[in-house]
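A.B. asks: Quick one, what's the 3D model for this:
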Amino acid sequence: MGRHHARNYHEAPDADLRGVVDGDPARADEMASRFDAKAYATVEALLAAEPELVAVSVAVPTSAHAAVARTLLEAGKHVLVEKPIAPTVAEADALIALAAERGLVLAVGHVERFNPAVRELRRLIDEGRIGSILSLVARRVGVMPPQVKDANVIIDLAVHDVDIFGYLLDDSEPTDLYCNAGRALAQDRFDFADIFLRYGPVACFLQVNWVTPVKIRSLAVTGTAGYAHVEYVTQRLDYYRGGDAVEPTSFAELEALSEQEPERLEFPREEPLARELREFLRAVRGEPAEIVSGKQARATMVVATRLVELAEQHPPAP
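C.D. replies: Presented below is the predicted three-dimensional model:
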């Protein structure tokens with residue numbers, strides 16, 4: 001993700017990318033050269049060379065999130081740290097407290113909240129076109145990304161959709177949790193999980209894995225007044241208005257009912273990360289902004305941690 005953060009800062013008219021940090025000198029030099037910045041091997045070197053630095057994105061392995069973000073906050077820098085906020089809830093709490101103590105912005109990179117299709121879906125919900133939500137069903141599957149070496153599929157993938165569930169349900173907390181997870185191809189971590197969360201009367205189902213050979217990123221919402229389906233990558237949102245049930249009298253009518261054309265919602269497309277970083281910079285400048293706060297990200301981490309605990313307590317039968 002680091003290269004995508006660098007690219008967006010480089011292209012943003014209201015940002016001046018000053019440096020990139022990577023322990024691999026060749027990779028740091030490549031990114032710095034491509035985006036007209038300077039390369040540094042450590043965060044400490046960056047801070048020493050750029051004392052006027054205002055804000056920093058932290059896109060490092062999950063295990064290093066807390067240490068790197070803490071160093072930057074202690075140096076008085078505003079921070080956007082990629083999801084999850086930290087490896088543990090205790091480390092998340094420490095970062096949130098430190099940012100509050102120093103009066104600094106601590107944003108967390110739950111980028112799907114900035115997907116235009118998700119934001120349009122939220123508008124549909126707010127306008128009542130879905131009605132009362134009955135269920136959310138999400139799938140986030142595909143092959144294991146080679147760069148993920150220190151997080152399981154729940155912490156790395158499921159946090160996206162757990163956060164979106166909370167976002168669409170007004171940041172409420174689940175009242176019931178169930179998780180079936182295991183190691184299908186990986187030996188050292190969970191690489192698949194089937195998750196059920198209940199938020200009061202709303203049932204949420206989530207399938208995540210690094211096993212399915214095709215990449216799927218989707219979300220379906222069923223309500224009393226309609227149904228909506230989001231394709232995250234293509235930013236496609238289809239809406240089906242609810243209506244009276246029709247009993248088919250022939251196979252042709254059954255086919256016609258099954259092939260009902262949705263209303264394809266049209267809205268401006270944009271890269272979600274570009275929107276997320278733009279909002280972060282607004283927050284840094286003290287302007288009204290939409291960011292995922294440390295507190296919101298902590299709530300998602302609490303759920304994800306609990307899901308891992310449940311999976312470890314009840315491993316699937318061999």
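
A.B. asks: how about the strands in this protein?
C.D. replies: With strands called from DSSP state E, the chain shows them at 19-21, 38-40, 55-58, 78-82, 106-109, 133-141, 176-182, 192-199, 202-209, 216-223, 226-231, 236-241, 263-264.

A.B. asks: How about residues contacting the fourth one?
C.D. replies: Residues from elsewhere that reach strand 78-82, judged by CB atoms under 8 Å, 6 or more residues apart in numbering: 1, 54-60, 65, 68-69, 72-73, 95, 99, 104-109, 276-277, 280, 283-284, 291. In short, each C-beta sits where N, CA and C put it, glycine included.

A.B. asks: picking that back up, out of the strands of the chain, deepest packed?
C.D. replies: Stretch with highest mean neighbour count among these: strand 106-109 (a mean of 28; mean count of other CB atoms under 10 Å).

A.B. asks: which residues are in contact with that one?
C.D. replies: Contacts of strand 106-109 (CB under 8 Å, 6+ apart): 1, 57, 59, 69, 73, 78-85, 95-96, 99, 276, 279-280, 283, 291-294, 296-297.

A.B. asks: mind running it again at 7 Å?
C.D. replies: Outside of strand 106-109, the residues within contact range by CB atoms under 7 Å, 6 or more residues apart in numbering are 79-83, 85, 95-96, 99, 276, 280, 283, 291-294, 297.

A.B. asks: from the contacts of strand 78-82, which ones fall inside helices?
C.D. replies: Secondary structure defined by DSSP state H assigns 65, 68-69, 72-73, 95, 99, 276-277, 280, 283-284 of these to helices.

A.B. asks: Format those as JSON lines; extra columns: distance to residue 207, pLDDT and neighbour count.
C.D. replies: Below are those laid out as JSON lines (distance: CB to CB, whole Å; pLDDT from 0 to 100; neighbours: other CB atoms under 10 Å):
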{"residue": "65", "distance to residue 207": "26", "pLDDT": "96", "neighbour count": "23"}
{"residue": "68", "distance to residue 207": "31", "pLDDT": "98", "neighbour count": "19"}
{"residue": "69", "distance to residue 207": "30", "pLDDT": "98", "neighbour count": "30"}
{"residue": "72", "distance to residue 207": "35", "pLDDT": "98", "neighbour count": "23"}
{"residue": "73", "distance to residue 207": "36", "pLDDT": "98", "neighbour count": "23"}
{"residue": "95", "distance to residue 207": "30", "pLDDT": "98", "neighbour count": "23"}
{"residue": "99", "distance to residue 207": "34", "pLDDT": "98", "neighbour count": "20"}
{"residue": "276", "distance to residue 207": "25", "pLDDT": "98", "neighbour count": "26"}
{"residue": "277", "distance to residue 207": "29", "pLDDT": "98", "neighbour count": "25"}
{"residue": "280", "distance to residue 207": "30", "pLDDT": "98", "neighbour count": "25"}
{"residue": "283", "distance to residue 207": "33", "pLDDT": "98", "neighbour count": "20"}
{"residue": "284", "distance to residue 207": "37", "pLDDT": "98", "neighbour count": "20"}
